[in-house]
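Q: Generate coordinates for the sequence data below:
(one chain, ligands or ions: 1)
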Amino acid sequence: MKALLPRIEIALSQIRHNARMLSELYGQKGISLMGVSKAILGEPAIAEAMIQGGVKFIADSRLENLQKMKKAGISTQFVLLRTALSQAESVILNVDISLNTELETIEELSYYAKIHNKIHEIILMVELGDLREGILPGDLSQFIKKTLALSHIKIIGIGCNLACYGGIKPDNQNMGELSKLADSIEKEFQIKLEIISGGNSANYEWYESTQKVGRINNLRLGESILLGCETVKGKAIPGLYTSAFKLIAEAIESKEKPSLPFGEICRDAFGNVPTFCDRGIRRRVIIALGRQDVLISGLRPSKDWEILGSSSDHVVLDSNNYDLKVGSEVKFNLDYGGLLAAMTSPFIQKQFIGCSESDRASSLTRRRREGISYVCK
Ligand SMILES: *Cc1c(COP(=O)(O)O)cnc(C)c1O
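A: I've put the predicted structure just below:
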């Protein structure tokens, strides 16, 4: 049988290694990890590799992903990163801990927690400058006062998220502020905050450079575990694998052609008027992969080839005059955006490679339980 194309090859052992190295690194200063699974569509085998590597929680922004992992038999504490009022009942039924910033939503959570006879745990997210989610520090005290009045909600921690919307860097200033807030809340309300979640894969530089982490005892890591890099500068973290995911697609045309389109130029398939520079006759290769599958700017050809452009279903490469044969496989590394889109595309097959015996065994169990098609090579 021919290998499926396009496909994403996933090296579980590399993800497990990354999770283990990061758990050990951050663990040295008492920081536990949540493995963030949203970029991999809550793929149970990957979540399991993260857990084997030492993450204490699995966190995702989508309930559907968390449900998928739960159904597949993944056993851990599940954290919902993005909580919507309309999903309150499902949150109560499917999630152990949710991150929250709105009182109406927490009231709704409490309402359903009561109905289902549960105590729901929440982490309150604080706004520390990035201007995505967060309660303003000045409003936090009142907010907590009202939340503590809700019968079926337990505040187990506070957290913040930086370097996502506003590109604000985690540093001693904002991390120090989060620590201070934790202290003052505990003092004011006589409660214990177990989790102080300082951020995401952008917190690496801060962690490496800081003398003391203060109260920060948790981070939520997606990209660092999956792609082995931090996200402030996009640098690889020493000792981690950076290409646990490889996208492989098929060359369907390979011809020497002019590099300048001929005829009158109008708008392309996406409404842009393209411009080109003339490099003479070049070998151009068309790959059976397109914008419907993947974020093209997130693709890194593994050879010295250049992506010239793309449409819904085609990527055009300049192969540096390398004579690539029709039907051959072309490999790409992926950045976060490329990974997110590729894992979400229904057209891209997922294949696990380099699986250990235990990967094979657990994938078989899952396959039996769920009828999910896991392929271990
Ligand atoms: C996506 C997300 C993360 C993980 O971010 P990475 O950069 O992949 O580590 C952490 N926290 C929240 C709230 C998120 O939405």
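Q: list the contacts for residue 82?
A: Neighbouring residues of residue 82 by CB atoms under 8 Å, 6 or more residues apart in numbering: 61-62, 99, 133. Quick note: C-beta positions are derived from backbone N, CA and C, even for glycine.
Q: Which of these has the largest number of neighbours?
A: Within the contacts of residue 82, most neighbours by other CB atoms under 10 Å means residue 99, with 23 neighbours.
Q: sec struct for that one, please.
A: Here residue 99 takes the strand state, with states given by DSSP: H, G, I helix; E, B strand; the rest coil.
Q: any residues touching the longest helix belonging to the chain, and which ones?
A: Longest helix in the chain by number of residues, with DSSP state H as the criterion: helix 172-189. Residues outside helix 172-189 that contact it (CB under 8 Å, 6+ apart): 126, 128-129, 137, 140-141, 144-145, 148, 158-160, 162, 168, 191-193, 196, 198, 203, 206, 210, 213-216.
Q: average pLDDT across it?
A: Average pLDDT, helix 172-189: 98.
Q: before we move on, what about stretch 355-372?
A: Over the span of stretch 355-372, the pLDDT mean works out to 64.
Q: again with stretch 310-325
A: pLDDT averaged over stretch 310-325 gives 94.
Q: The ligand contacts on the stretch 1-150 of the chain?
A: 36, 38, 61, 81 (CB under 6 Å from any ligand atom).
Q: redo that, cut-off 5 Å
A: Residues of the stretch 1-150 of the chain found near the ligand (CB under 5 Å from any ligand atom) are 36, 81.
Q: which stretches of the stretch 1-150 of the chain form helices?
A: In the stretch 1-150 of the chain, helices defined by DSSP state H, counting those that start in this stretch lie at 12-27, 44-52, 63-71, 88-94, 103-115, 140-148, listed in chain order.
Q: Just the pLDDT for the residue nearest to residue 118 when sequence neighbours are not counted.
A: Leaving aside its sequence neighbours, residue 118 sits nearest to residue 92 (CB to CB, 6 or more residues apart in numbering; 6.0 Å). What the model reports for residue 92 is a pLDDT of 98.
Q: if I look at the residue of the stretch 51-200 of the chain found nearest the ligand, how far off is residue 206?
A: Using CB to the nearest ligand atom, the single residue of the stretch 51-200 of the chain nearest to the ligand is residue 200, 3.4 Å away. From residue 200 across to residue 206, the span is 11 Å (CB to CB, to the nearest Å).
Q: These two: who's more crowded?
A: Neighbour count, other CB under 10 Å: between residue 200 and residue 206, residue 200 has more, with 25 against 22.
Q: Domain map for the protein?
A: Listed by automatic domain parsing, the domain ranges of the chain are 11-227, 245-345.
Q: Report how many residues lie close to the closest residue to the ligand within the stretch 201-350 of the chain.
A: Closest to the ligand within the stretch 201-350 of the chain is residue 222: 2.6 Å, counting by CB to the nearest ligand atom. Counted by other CB under 10 Å, the residues lying close to residue 222 total 25.
Q: do the same with residue 147
A: 19.
Q: For it, which residues are in contact?
A: Counting by CB under 8 Å, 6+ apart, residue 147 has contacts 103, 106, 122, 124, 153, 155.
Q: isn't the second one right up against residue 122?
A: It refers to residue 106. Yes - with contact defined as CB atoms under 8 Å, residue 106 reaches residue 122; the gap is 6.5 Å.
Q: list residues touching both of the two?
A: Common neighbours of residue 106 and residue 122 (CB under 8 Å, 6+ apart) are 100, 147, 153.
Q: my read: the first one touches residue 83, true?
A: Read that as residue 100. Yes - using CB under 8 Å, residue 100 is in contact with residue 83, at 5.3 Å.
Q: so what sits against both of the two?
A: With CB under 8 Å, 6+ apart, residue 100 and residue 83 have common neighbours residue 109.
Q: Put together CSV for the contacts of residue 147, with neighbour count on each row.
A: Output for the contacts of residue 147, formatted as CSV (neighbours: other CB atoms under 10 Å):
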residue, neighbour count
103, 15
106, 25
122, 25
124, 23
153, 22
155, 23
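Q: Next, format those residues as CSV and append pLDDT and distance to residue 331.
A: Output for the contacts of residue 147, formatted as CSV (pLDDT from 0 to 100; distance: CB to CB, whole Å):
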residue, pLDDT, distance to residue 331
103, 98, 49
106, 98, 47
122, 98, 43
124, 98, 44
153, 98, 48
155, 98, 47
